[in-house]
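# sequence? don't have it. structure:
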């Protein structure tokens, strides 16, 4: 036959055995077992408390007893006393029981509505055991809700930002982002929160998010912080392939900070991608003015001048090209470009002056042919057709491998009936390496036609056959052969 022992009897026996135990640890163990039965099985927290008080006499301050006594007090509605008991032990070292004591006290503090104290306990607990971060997150969310309901913005923000940091530390970026999005939706002036949101999105490669947060920061911030936000927005837009998205903001920030090279560089990158030549040229001129050395300044000015010429803005280009000529009078290509712009504006005297100044400062090199080519254009623009041809012939003497000079001389000479000179020009086409408006086949056809005009059909046929060998189906080749009776 089996006999069932009533719990009351068990506790009495345990308490009696504790009375006769010689070792304090043994006495405490027996009393703890008895108290636990009274509290958990018999539902007698008052009786359990009485047993635990005896245990405290045997081992004052023993954390095991304090934990059991605090739980008993809590169950009997004496929560304040339970918190005080736990505090009395936690004010010391508490040894290896500290984590469990903190957990219990934080739970009671939350129940008592003392959230700030509970969060402090959980912060310490998480430092001892990171797996308790969820408990801290729950407490922080409770504090956020409490603060929001009471209109305590500072407390709500503190809890929010700590929650964000906690989620980031636990590598829960999505949760951190969700908290920040919710917070900044109503607190868009909180620049620290916006920066955290932007940084999370940057780490995740969410460039649309970076762009949006940077734009909001730029609206709120001033000074260096506004500049940094604008540059970050430009970087995000570039990552998205939407460079123009940051142009308006960067333009405004640049106008506010014209001496900031980083802002100007970011804006230059946008204009380059947009192929916005006039705006880009203006920025390059600003960069040139701020450059530390002449080499860098010259490079930037040359780019600006080229862009303005490509954009069909000769009056703007002239100013840049004159600046280059003042720095480098022997720059032949710049002098040619300056003359072209002046000719286009109808300022022939200025064009001639630019060319003559450079001719006077350079040696007799092939590139000087470009300058005489421009002098021929100045003559033509002024109605001096004879001078035009003479100057083109002079240009050809300097540079017999310049395709533009060759083609221009061939066309003008043929038009004016100077067929021998035209022949000299077109004969040079097949032997040049660079580009030329007249192709190799076309040069043979033109030679043949000029020979036919000057009464040498035999040589004309010989040259035409060269053209036929290179491109037998070419209509102009067939036409000249037909004229020669082939």
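Perfect, thanks for sending it. Keep in mind it's a predicted model, so treat the numbers as computed, not measured.
# what's the mean pLDDT across stretch 102-112?
Averaging the model's pLDDT scores along stretch 102-112 yields 95.
# and the contacts of it?
Stretch 102-112 has contacts (CB atoms under 8 Å, 6 or more residues apart in numbering) with 67, 70-71, 74, 79-80, 82-83, 86-87, 90, 115, 117-119, 121-122, 124-125, 128, 132, 135, 139, 142. In short, each C-beta sits where N, CA and C put it, glycine included.
# just the strands from the stretch 351-486 of the chain, written as ranges.
With strands called from DSSP state E, counting those that start in this stretch, the stretch 351-486 of the chain shows none.
# neighbours of the closest residue to residue 86 other than its chain neighbours, how many?
With sequence-adjacent residues excluded and distances taken as CB to CB, 6 or more residues apart in numbering, residue 86 is closest to residue 105, at 4.3 Å. With neighbours defined by other CB atoms under 10 Å, the count for residue 105 comes to 27.
# how about the one 3 residues further on?
Residue neighbour count, defined by other CB under 10 Å, stands at 22 for residue 108.
# that one: which element?
helix 98-111 (DSSP states H and E).
# return the set of buried residues in that helix.
Neighbour-count burial for helix 98-111, with 16 or more other CB atoms under 10 Å as criterion, is recorded at 98-99, 101-110.
# same check, this time on stretch 307-322
In stretch 307-322, counting by 16+ other CB under 10 Å, buried: 307-309, 311, 313-314, 316-318, 320-322.
# then stretch 468-479?
Buried residues in stretch 468-479 (16+ other CB under 10 Å): 468, 471, 474, 476-478.
# that older thread, so which of the buried residues of stretch 307-322 are in strands?
Among the buried residues of stretch 307-322, no member falls in strands (DSSP state E).
# in a markdown table: those residues, plus distance to residue 225.
Compiled in a markdown table, the buried residues of stretch 307-322 are given as follows (distance: CB to CB, whole Å):
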| residue | distance to residue 225 |
| --- | --- |
| 307 | 33 |
| 308 | 35 |
| 309 | 40 |
| 311 | 35 |
| 313 | 37 |
| 314 | 42 |
| 316 | 35 |
| 317 | 38 |
| 318 | 41 |
| 320 | 35 |
| 321 | 40 |
| 322 | 40 |
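# rewinding a little: now, which of the contacts of stretch 102-112 lie within helices?
Counting by DSSP state H, the part of the contacts of stretch 102-112 found in helices is 67, 70-71, 74, 79-80, 82-83, 86-87, 90, 115, 117-119, 121-122, 124-125, 128, 135, 139, 142.
# just the buried subset of those, written out for ChimeraX, thanks.
Command for ChimeraX, covering only those of the ones in helices among the contacts of stretch 102-112 found buried under the criterion 16+ other CB under 10 Å:
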select :67,70,71,74,79,82,83,86,90,115,117,118,119,121,122,124,125,135,139,142
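# tell me the contacts of residue 187?
157, 193.
# quick check, pLDDT for it.
For residue 187, pLDDT reads 92.
# do residue 464 as well
92.
# for it, give its distance to residue 76.
121 Å (CB to CB, to the nearest Å).
# what's the answer for residue 88, then?
Residue 88 is 18 Å from residue 76, where distance means CB to CB.
# more neighbours: which of those two?
Neighbour count, other CB under 10 Å: between residue 88 and residue 76, residue 76 has more, with 16 against 11.
# in space, what's closest to that one - neighbours in sequence excluded?
According to CB to CB, 6+ apart, the nearest residue to residue 76 is residue 45 (3.8 Å).
# which ones are touching the one you found?
38-39, 72-73, 75-76.
# distance of it from residue 388?
117 Å.
# what does the pLDDT read for residue 88?
87.
# residue 73 now?
So, for residue 73, pLDDT stands at 84.
# wait, doesn't it sit right on residue 86?
No. Look at residue 73 against residue 86 with CB atoms under 8 Å: they stay out of range, at 9.6 Å.
# residues near residue 206, how many?
Residue 206: 18 neighbours (other CB under 10 Å).
# phi and psi next, for it.
With angles defined as degrees, to the nearest 10, residue 206 sits at phi -90, psi 80.
# how close does it get to residue 482?
Counting by CB to CB - residue 206 and residue 482 are separated by 70 Å.
# same deal with residue 275?
According to CB to CB, residue 275 stands 47 Å off from residue 482.
# who are the contact partners of the residue nearest to residue 402 when sequence neighbours are not counted?
If the residues on either side of it in the chain are set aside, residue 402 comes closest to residue 369, at 5.6 Å by CB to CB, 6+ apart. Residues in contact with residue 369 (CB under 8 Å, 6+ apart) are 395-399, 402, 405.
# are any of these buried, and which?
Buried among those (16+ other CB under 10 Å): 395-396, 398-399, 402, 405.
# same list (those residues) but as JSON lines, adding distance to residue 248 and pLDDT.
Formatted as JSON lines, the buried ones among the contacts of residue 369 follow (distance: CB to CB, whole Å; pLDDT from 0 to 100):
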{"residue": "395", "distance to residue 248": "48", "pLDDT": "96"}
{"residue": "396", "distance to residue 248": "52", "pLDDT": "96"}
{"residue": "398", "distance to residue 248": "50", "pLDDT": "95"}
{"residue": "399", "distance to residue 248": "48", "pLDDT": "94"}
{"residue": "402", "distance to residue 248": "45", "pLDDT": "94"}
{"residue": "405", "distance to residue 248": "46", "pLDDT": "96"}
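# ok, of those, which one's closest to residue 270?
Residue 270 has its nearest neighbour among those in residue 402, at 37.1 Å by CB to CB.
# from residue 71, how far off is that closest one?
Residue 402 is 100 Å from residue 71, by CB to CB.
# do you know the pLDDT at the closest residue to residue 431 other than its chain neighbours?
Closest residue to residue 431 apart from its sequence neighbours, by CB to CB, 6+ apart: residue 401 at 7.9 Å. Looking at residue 401, its pLDDT stands at 93.
# list the contacts of residue 401.
Shown in contact with residue 401 (CB under 8 Å, 6+ apart): 366, 428, 431-434.
# most neighbours among these, please name it.
That'd be residue 428 among these, by other CB under 10 Å, with 21 neighbours.
# so how far is residue 182 from it?
Using CB to CB, residue 428 is found at 76 Å from residue 182.
# mind telling me what element residue 227 is part of?
Residue-wise, residue 227 maps onto helix 224-240 under DSSP H and E.
# show me what that helix packs onto, helices and strands only.
helix 191-204, helix 207-220, helix 247-256, helix 261-274 (3 or more CB pairs under 8 Å, 6 or more residues apart in numbering; DSSP states H and E).
# roughly how far is that helix from the heart of the chain?
Centroid separation for helix 224-240 versus its chain: 6 Å, with CA atoms, centre = their mean, to the nearest Å.
# can we start the residue count at 304 from this point?
Sounds good: first residue 304 from here, last item helix 527-543.
# which residues are in contact with that helix?
494, 501, 505, 508, 510-511, 513-514, 517-518, 520-521, 524, 546-549, 552-553, 556, 559-560, 563, 565-566, 569-570, 572-573, 576.
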